[in-house]
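Asker: structure for the following, please:
(one chain, ligands or ions: 1)
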Amino acid sequence: MQSSLQIKNLQLFRQSELLLSLNEQVKGGEILTIMGPSGSGKSSLLNWLTGTLNNSFQANGEVWLNGENVTDYQPHLRHMGVLYQDALLFSHLTVAGNIAFAMPKGNKKQRQEKINHALEQVGLKDMGERHPDSLSGGQQARIALLRVLLSEPKAILLDEPFSKLDTQLRIDTRQLVFDQIRDHKLPAIMVTHDHSDAEATNGKVLTLAKEQGHQHVR
Ligand SMILES: Nc1ncnc2c1ncn2[C@@H]1O[C@H](COP(=O)(O)OP(=O)(O)OP(=O)(O)O)[C@@H](O)[C@H]1O
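Answerer: A predicted model of the protein is given here:
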């Protein structure tokens, strides 16, 4: 079965005011971009998807992952991988330790082999024993990506993931992330303020408006 992330009849309210309403399906390997002004509800949408919305919000609607309704699941049981603006690596752990931290339990040697293979794939061969503080911003971004991918997520959420990287590094990292999403055939939703990020997906772009109910689709 092809993987997919479905948002069914979402209506998100903040203090009884309708913030957004959405019906979307993202198939494996596709990236849906969400844009819109500050306060239009982009982060709140990601929080709803991960199950971490606080109680100033009310939501109707369902989120389905690979044909399963996960709306009432605890955040850690939804298997949504999130990539943030900051890599958020643990400084006291090695690179390999940071990646292993999020991986499903299992045979230690096999896990190590997976990590080594993944590091090699993103051009970071032999960096497993380094500490994140000794790596560049771009290298840290790649480690954050591997940590998410090797946690075996069912979908990927991207929250302004490239905004702290300089131009060329931004382009290269973005390409790597998008290629990996496509290779793993994962559905992805990306929040960004950057039009070039949106264009690089070749996918659908949804622009949330500040006023309730107004949405524009490319
Ligand atoms: N933790 C919170 N508790 C209560 N209200 C919140 C919280 N976070 C955001 N809001 C409010 O919810 C609305 C949507 O905010 P949200 O952060 O989702 O917008 P955004 O589009 O992500 O903005 P930005 O581009 O600035 O990150 C805003 O009116 C905001 O003030």
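
Asker: tell me the first helix or strand C-terminal of the helix or strand harbouring Ala100.
Answerer: According to DSSP states H and E, Ala100 maps onto helix 95-101. Per DSSP H and E, the first helix or strand lying C-terminal to helix 95-101 is helix 108-121.

Asker: dihedrals phi and psi, Gln25?
Answerer: phi -130, psi 130 (degrees, to the nearest 10).

Asker: residues in contact with it?
Answerer: 4-7 (CB atoms under 8 Å, 6 or more residues apart in numbering). Bear in mind the C-beta positions are built from the backbone N, C-alpha and C, glycine included.

Asker: what about the residue lying closest to Gly51 once chain neighbours are set aside, distance to Ile189?
Answerer: Leaving aside its sequence neighbours, Gly51 sits nearest to Pro75 (CB to CB, 6 or more residues apart in numbering; 4.1 Å). Relative to Ile189, Pro75 is positioned 16 Å away (CB to CB, to the nearest Å).

Asker: and these two? which has more neighbours close in?
Answerer: Shown here are Pro75 and Ile189; by other CB atoms under 10 Å, Ile189 has more neighbours (24 against 13).

Asker: nearest residue to that one in space, please, no chain neighbours.
Answerer: Leu32 is the one closest to Ile189 (CB to CB, 6+ apart), at 4.9 Å.
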